[in-house]
Structure formats: C-alpha cells, structure tokens
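1. Pasted the sequence and its predicted model underneath.
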2 protein chains.
Amino acid sequence: MKRSLGAKTWVYPTPVFVVGTYDQRGRPNAMTASWGGICCSQPPCVAVSLRKATYSHGNIVARKAFTISLPAARQVGQADYFGTASGREVDKFAATRLTPVRSELVDAPYVGEFPLALECRLLHTFELGLHTQFVGEILDVKADEEVLRPDGHPDVEKLQPLIYAPGVQEYFRIGPVIDQG
Amino acid sequence: MKRSLGAKTWVYPTPVFVVGTYDQRGRPNAMTASWGGICCSQPPCVAVSLRKATYSHGNIVARKAFTISLPAARQVGQADYFGTASGREVDKFAATRLTPVRSELVDAPYVGEFPLALECRLLHTFELGLHTQFVGEILDVKADEEVLRPDGHPDVEKLQPLIYAPGVQEYFRIGPVIDQG
C-alpha cells in the first residue's frame, strides 16, 4: 500500500542542464534547468523547459538556438549559481569565471570548463503552462578528451555528471555501474 | 578544446521510466523508457517519448492515460526486461511476477513493487520524428512508506532510483548527496 503524496513533480533522477544562450546584445548567458531530457532519437532531440519569466527564455525565442552544458559533480557550486542568479542583472560567466565558448554550429555559447556540451537548433516551442518546452535538434555533442573512453563514448564515471533531486532539492553524484542495458 | 562526437542523444543522467498502460482488451502492459523528464511545474507534467511501433504507444493514444513507475536499483533486471520484451507477444507482468495495480485516478496500472509511481492524464501528444512525446499531467505521486522521510518527501538514498546512461547502455546507482540546491 503506497502513500499518496499529491500532484508533485517528483521524479528521480533529473539532470542538471546548463542552458547557454546569447541575448539581444550578444552577451552570453547560462541558466540551470532540471526539467528536461532526450525526447527523440531521429532527429536526435533534447527538450528543456523554462519559465517565460527567465532571461534565457527570450534569448532562445530570438536566436532559435541554445546549448546544454553538463557540469561535473565538482562544479556543483557554479551549476547552482547559474540556477539562482538572473542574466538580466548579472554577467554570470564573469561572476563564475567560466568561459563562454561560441558554437560554430548554432547561435549560442556553451560553458568551456564543463566536460560535455550539446549544440541545439530550436525545432519546436510548446507552451505547457508555467513552463515553455523548447525542443532542440542536437547538431553535435562535444566532450573533453579526459571523460571519453578509448572507443569515443563518454566514460560516465570519469564524466561524473551532476544529478538533481526535486522536492528535496539535493544534488547527488552518480554511483557505481550495476548492469548493462 | 573539446572533441566532436556527432549528433548523439548523449546526456547524463537519464531516468528509468516504466510506463504502465492498458491495451484494448484491458490487459496491463509496462515498458521501460529513458527519453523523458519533468516538463512543467504548473500544471505538474511529465514527458515521455515512445516509438510509434511500441505496443504502449497505441495504448496511450486509446486510453489517454499512463503511469510512470520508478524501479529501485535492486530491480534493474525487471526494469531492463520491461524495455526489451513487447506486450504484443508476452504478458510482462506475469513474466516478471510483478503486480499491476489499477490506478483509481487514471485508466492505467502501475507496478506495485516499484517504490514510486506517477499517475498521469494525457494532455499533449507531439510527433517529433521516430518518437512521439506524450505529456501527462501528474495527478498524484504514490510512494512506499519505507522510501519517505518523516516530512513526507522522498528519501532519495532509500529510494535508490535506477539511472541509465545512453550510448554506453549502462545502469547506475545514485551516489552520495553532495550539496543542497
């Protein structure tokens, strides 16, 4: 017999997506979002949901592009900061001393120091309520050599992706591998 | 300098969603999907993407409802089985000896032995390509008492949610908490 907890957005794990955009004046911004995930294999697409009130929301609508950088567990402080400050008021790259790297494929920057980044062209915009869901076609994935296996796939234990738990608002490391799919 | 890996669906972590449905004859089915995540806070919504070829896809279209059960790490074998067999050919609940529990809120069953379940009413159906994205309004979250903290929130270390890593096709446990959001 399970206990009813109500209509909550409680699923585990959720990712930590740092969404990179340019604003109208070409200034780089990044914000952290955990409402998202892969949504299609062909074309390869990722979804991320942002509130309309965010600065990044307007940037994506205007530029029709965004990136998603995945911070490592050791970068939790910077990742959390990207989710609390607003690019309307502060230059978050300057504040964190992180590097906005201009994508050569889409009109958006990614975070140079984070180990993995997706470059996305906006394909769909779905208004769902408080959040707008942006679906981006993944044009390329880029990763640091140090987090790759010899076969060119990510080594997840080296990548050490950051994990977020809604409701309890806690960040976790990934644990050991337990099985092959 | 990052290495280009191509247009891949490689993000970390992805969840392990076991999607529960009834077919046309009222038989329960469940399938595992990792393309999904929370997509809106108000109304509380979760997205999950399924290929049109899956049995569950037709069930959701017909019943306009689904559940998402989250398996614990110890249940990885059953969770993986739900992602490989098809409900067209086999009764996966019988094969795994797991219990389909009829939701009182939506026309779909959840997996009784998995520690947490979301009951969802279909709100939107988005055709994205190979995958269809189903957006469900979360009407309730139900969880086993043993995975809850005294304040009624999930205790993530007791929940031990299963984590999937695309590309390398590995299942992981969650690791230790490292920070508060």
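-> Sure, I can see it. Values in this document were obtained by computation on a predicted structure and should not be read as measured data. Numbers count the residues shown, from 1 in each chain, chains lettered A, B, ... in the order given.

2. for chain A, what are the low-confidence residue spans?
-> Along chain A, segments meeting pLDDT under 70 are nowhere present.

3. which residue ranges form the strands in it?
-> A:3-6, A:14-15, A:17-22, A:28-33, A:36-40, A:45-51, A:65-70, A:100-102, A:109-111, A:116-127, A:131-143, A:163-165, A:170-180 (DSSP state E).

4. now those in JSON lines, with distance to B:Leu123 and mean neighbour count?
-> Placement of C-beta: from N, CA and C, glycine included. What follows is these, written out as JSON lines (distance: least, C-beta to C-beta, whole Å; neighbours: other C-beta atoms under 10 Å in any protein chain shown):
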{"stretch": "strand A:3-6", "distance to B:Leu123": "18", "mean neighbour count": "14"}
{"stretch": "strand A:14-15", "distance to B:Leu123": "20", "mean neighbour count": "23"}
{"stretch": "strand A:17-22", "distance to B:Leu123": "22", "mean neighbour count": "28"}
{"stretch": "strand A:28-33", "distance to B:Leu123": "20", "mean neighbour count": "25"}
{"stretch": "strand A:36-40", "distance to B:Leu123": "15", "mean neighbour count": "27"}
{"stretch": "strand A:45-51", "distance to B:Leu123": "14", "mean neighbour count": "25"}
{"stretch": "strand A:65-70", "distance to B:Leu123": "24", "mean neighbour count": "28"}
{"stretch": "strand A:100-102", "distance to B:Leu123": "36", "mean neighbour count": "19"}
{"stretch": "strand A:109-111", "distance to B:Leu123": "32", "mean neighbour count": "27"}
{"stretch": "strand A:116-127", "distance to B:Leu123": "11", "mean neighbour count": "21"}
{"stretch": "strand A:131-143", "distance to B:Leu123": "12", "mean neighbour count": "23"}
{"stretch": "strand A:163-165", "distance to B:Leu123": "24", "mean neighbour count": "26"}
{"stretch": "strand A:170-180", "distance to B:Leu123": "28", "mean neighbour count": "17"}
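
5. Save those as JSON lines, and put in distance to B:Leu128 too.
-> Converted to JSON lines, the strands of chain A look like this (distance: least, C-beta to C-beta, whole Å):
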{"stretch": "strand A:3-6", "distance to B:Leu128": "30"}
{"stretch": "strand A:14-15", "distance to B:Leu128": "18"}
{"stretch": "strand A:17-22", "distance to B:Leu128": "18"}
{"stretch": "strand A:28-33", "distance to B:Leu128": "19"}
{"stretch": "strand A:36-40", "distance to B:Leu128": "4"}
{"stretch": "strand A:45-51", "distance to B:Leu128": "6"}
{"stretch": "strand A:65-70", "distance to B:Leu128": "17"}
{"stretch": "strand A:100-102", "distance to B:Leu128": "28"}
{"stretch": "strand A:109-111", "distance to B:Leu128": "23"}
{"stretch": "strand A:116-127", "distance to B:Leu128": "7"}
{"stretch": "strand A:131-143", "distance to B:Leu128": "7"}
{"stretch": "strand A:163-165", "distance to B:Leu128": "24"}
{"stretch": "strand A:170-180", "distance to B:Leu128": "27"}
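
6. a markdown table for those strands, including distance to chain B?
-> As requested, these are arranged in a markdown table below (distance: least, C-beta to the nearest C-beta, whole Å):
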| stretch | distance to chain B |
| --- | --- |
| strand A:3-6 | 4 |
| strand A:14-15 | 6 |
| strand A:17-22 | 8 |
| strand A:28-33 | 9 |
| strand A:36-40 | 3 |
| strand A:45-51 | 5 |
| strand A:65-70 | 6 |
| strand A:100-102 | 8 |
| strand A:109-111 | 9 |
| strand A:116-127 | 6 |
| strand A:131-143 | 4 |
| strand A:163-165 | 5 |
| strand A:170-180 | 3 |
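
7. now for those, which one comes closest to B:Gly26?
-> strand A:3-6 (24.2 Å; C-beta to C-beta).

8. can you list the residues that contact the closest one?
-> B:140-145, B:148, B:152 (C-beta atoms under 8 Å, 6 or more residues apart in numbering or on different chains).

9. now stretch A:79-92
-> Here stretch A:79-92 has contacts from A:16, A:18, A:23, A:27, A:29-33, A:54-56, A:59, A:71, A:95-96, A:162, A:171, B:179, B:181, using C-beta under 8 Å, 6+ apart.

10. Which helix runs longest in chain A?
-> Counting residues, the longest helix in chain A under DSSP state H turns out to be helix A:55-63.

11. Alpha carbons only: can I get that one in PDB?
-> What follows is helix A:55-63, C-alpha atoms only, in PDB (Å, rounded to 0.1, in the frame of the first residue of the first chain):
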ATOM      1  CA  TYR A  55      16.000  35.900 -19.400                       C
ATOM      2  CA  SER A  56      17.100  32.700 -21.300                       C
ATOM      3  CA  HIS A  57      13.500  32.100 -22.500                       C
ATOM      4  CA  GLY A  58      13.500  35.300 -24.600                       C
ATOM      5  CA  ASN A  59      17.000  34.600 -25.800                       C
ATOM      6  CA  ILE A  60      16.000  31.200 -27.200                       C
ATOM      7  CA  VAL A  61      12.900  32.600 -28.900                       C
ATOM      8  CA  ALA A  62      15.000  35.300 -30.500                       C
ATOM      9  CA  ARG A  63      18.100  33.300 -31.500                       C
END
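
12. Say whether chain B is contacted by that helix.
-> No: Helix A:55-63 stays clear of chain B (C-beta under 8 Å from any C-beta of the partner chain), getting no nearer than 13.4 Å.

13. Give me the buried positions along that helix.
-> A:55-60, A:63 (16 or more other C-beta atoms under 10 Å in any protein chain shown).

14. Fine, thanks again, bye for now.
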